[in-house]
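S.K.: When you get a sec, could you give me coordinates for this:
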Amino acid sequence: MFSIIAAIGKNHELGHKNQLIFRLKDDMKFFRETTNGHKVVMGHKTWDSLPGKLKNRTNIVVSRHEIPEADQTITDLQSYVNKNKDTDEEIFVIGGGTVYHQFLPYAKTLYLTEVDASNPAADTFFPEFHHDDYTCETIKAGTENELKYTINKYTRKD
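M.R.: Predicted structure coming up:
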């Protein structure tokens, strides 16, 4: 089963120049704890933005070219989706915008840290989705660096 995890702004902003728009300690902690011990799937740009492999996770990169440092490279996305979409194992999709868009139709769960702010400099966005297709559970709400946020778990209705 695929799950998506991201922090987004009011206009679904994700990033600017291959960096996160919002860096919240609680969101980073939630990301680490939630994805720990799981497979994480990311695009090549997201991989390049990391300081190194994410520890205690299987790092999988979607790319046209083999990424030797990654644990696995996906060069045929549809084959990977078909092979893994019905597994009981939770596989986390961690970015970026294009990869979120590609996996959204297959994701059963969306873990979204929704920040009550916008950033006009954003150049990468989370795809639009129909909230009515999901049930929403609030995991945590708070304020950090004068930014209000809510960590929500959206589960696709079957």
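
S.K.: going forward, measure contacts between C-alpha atoms and count neighbours the same way
M.R.: Fine.

S.K.: mind listing what the closest residue to His38 other than its chain neighbours touches?
M.R.: In space, and not counting its chain neighbours, His38 is closest to Arg57: 5.2 Å by C-alpha to C-alpha, 6 or more residues apart in numbering. Applying C-alpha atoms under 8 Å, 6 or more residues apart in numbering, one finds that Arg57 lies in contact with Thr35, Asn36, Gly37, His38, Lys39, Val40.

S.K.: Nearest residue to the first one in space, ignoring adjacent ones along the chain?
M.R.: Meaning Thr35. Nearest one to Thr35, counting by C-alpha to C-alpha, 6+ apart, is Phe92 at 6.8 Å.

S.K.: And the one you found, which helix or strand is it part of?
M.R.: Using DSSP states H and E, Phe92 falls within strand 91-93.

S.K.: re earlier: give me the buried entries from the contacts of Arg57.
M.R.: By neighbour count, with 16 or more other C-alpha atoms under 10 Å, those hold Thr35, Lys39, Val40 as buried.

S.K.: In TSV, list those along with pLDDT.
M.R.: Formatted as TSV, the buried ones among the contacts of Arg57 follow (pLDDT from 0 to 100):
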residue	pLDDT
Thr35	98
Lys39	98
Val40	98
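
S.K.: Tabulate those in a markdown table, adding columns for secondary structure and distance to Glu144.
M.R.: Formatted as a markdown table, the buried ones among the contacts of Arg57 follow (DSSP: H, G, I helix; E, B strand; the rest coil; distance: C-alpha to C-alpha, whole Å):
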| residue | secondary structure | distance to Glu144 |
| --- | --- | --- |
| Thr35 | helix | 22 |
| Lys39 | strand | 29 |
| Val40 | strand | 26 |
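
S.K.: which one of those sits closest to Asn18?
M.R.: Nearest to Asn18 among the buried ones among the contacts of Arg57: Val40, at 17.9 Å, using C-alpha to C-alpha.

S.K.: Quick one: mean pLDDT over whichever helix or strand comes after the strand holding Phe92.
M.R.: Downstream of strand 91-93, the next assigned helix or strand under DSSP H and E is helix 97-103. Per-residue pLDDT over helix 97-103 has a mean of 96.

S.K.: Which elements pack onto helix 97-103?
M.R.: strand 39-43, strand 91-93 (3 or more C-alpha pairs under 8 Å, 6 or more residues apart in numbering; DSSP states H and E).

S.K.: picking that back up, make JSON lines out of the buried ones among the contacts of Arg57 and add distance to Tyr100.
M.R.: Compiled in JSON lines, the buried ones among the contacts of Arg57 are given as follows (distance: C-alpha to C-alpha, whole Å):
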{"residue": "Thr35", "distance to Tyr100": "16"}
{"residue": "Lys39", "distance to Tyr100": "15"}
{"residue": "Val40", "distance to Tyr100": "12"}
